[in-house]
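*Asks:* After the sequence you'll find the predicted model.
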Amino acid sequence: MVKKSKKKGVIRQARFVISNTDVSKCPRPDRPEYAFIGRSNVGKSSLINNKSLAKISGKPGKTRLINHFMIDESWYLVDLPGYGYARVSKTDRKKFEQFIRKYLLKRENLYCLFVLIDVRHEPQLNDLGFMEWLGINSIPFAIVFTKSDKLKPEEVAANVEKYKLKMLENWEEMPPYFISSSVNATGREEILSYIREINIKE
Ligand code: GDP
């Protein structure tokens with residue numbers, strides 16, 4: 001079943017395709033792909049499933065899988081599991097990180113990974129370390145600062161500035177970034193335009 005949106009400039013069709021933990025079992029890499037990742041509770045499901053990006057039909061399996069969705073029959077949206085689970089054992093976490101890292105390293109049609117960061121939080125070492133790993137491995141990514149409705153605009157700006165300064169300790173420049181809120185759909189158009197621009201260029 002396919003759900004349709006009547007609004008212009010938003011995703012018209014989104015359908016669940018497949019869930020797995022093995023990059024070799026992902027759909028054929030015949031379309032541009034954009035993946036979303038972040039610590040659990042960062043607001044990833046709300047951003048993807050809500051009015052923010054796509055109203056998705058069909059049900060993926062458990063959240064700790066690589067979930068592929070076909071968008072408007074032209075690109076793949078991938079919902080990756082949240083990292084940094086405090087509640088799972090070290091062995092489980094390692095296994096789980098391995099399949100995500102393998103996916104990120106091997107997926108040839110991955111054009112951008114959106115790394116979600118809660119805009120209210122101080123820069124966290126595991127997010128920074130993860131982004132450093134992305135850089136070392138030349139995996140293209142952008143940051144999405146989530147839950148911006150929870151702060152005043154000037155507080156959002158100050159926190160983003162703080163984040164930038166922290167990033168610039170290790171990076172020559174700040175990666176592309178977006179400010180989002182799933183409550184009022186802030187950032188939706190910007191993220192979708194960014195994706196569409198890359199799709200047009202490729
Ligand atoms: P996930 O674990 O990253 O998928 O996070 P969820 O999307 O499930 O969101 C975690 C919690 O944060 C839920 O209670 C959401 O309602 C809330 N939440 C998510 N996004 C936003 C947002 O943009 N604004 C506000 N105020 N709350 C949000």
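*Replies:* Everything's here; your move.
*Asks:* Relative to the ligand, how far out is the most centrally placed residue in the chain?
*Replies:* Nearest to the centroid of the C-alpha atoms of the chain, with distances taken as Cα atoms, centre = their mean, sits residue 36, at 1.7 Å. Residue 36 is 9 Å from the ligand, where distance means Cβ to the nearest ligand atom, to the nearest Å. For glycine as for every other residue, the C-beta is placed from the backbone atoms N, C-alpha and C.
*Asks:* which is the next helix or strand following the host helix or strand of that residue?
*Replies:* Element membership for residue 36 (DSSP states H and E) is strand 33-38. Next in sequence after strand 33-38, counting helices and strands by DSSP H and E, comes helix 44-49.
*Asks:* can you give me how far the longest helix along the chain is from the chain middle?
*Replies:* In the chain, taking DSSP state H as the definition, the longest helix is helix 90-106. Centroid separation for helix 90-106 versus its chain: 16 Å, with Cα atoms, centre = their mean, to the nearest Å.
*Asks:* Which strands or helices does it pack on?
*Replies:* Applying 3 or more Cβ pairs under 8 Å, 6 or more residues apart in numbering; DSSP states H and E, one finds that helix 90-106 contacts strand 33-38, strand 66-71.
*Asks:* Need the CA coordinates for the strand holding residue 36. PDB is fine.
*Replies:* Extracted C-alpha coordinates of strand 33-38, given in PDB (Å, rounded to 0.1, in the frame of the first residue of the first chain):
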ATOM      1  CA  GLU A  33      20.400   6.600  -1.000                       C
ATOM      2  CA  TYR A  34      20.200   8.800   2.100                       C
ATOM      3  CA  ALA A  35      20.500   7.400   5.600                       C
ATOM      4  CA  PHE A  36      19.600   8.700   9.000                       C
ATOM      5  CA  ILE A  37      21.400   7.900  12.200                       C
ATOM      6  CA  GLY A  38      21.600   9.200  15.800                       C
END
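*Asks:* neighbouring contacts of that strand?
*Replies:* For strand 33-38, the external contacting residues (Cβ atoms under 8 Å, 6 or more residues apart in numbering) are 44, 47-48, 75-83, 100, 103-104, 107, 109-117, 144, 146, 195.
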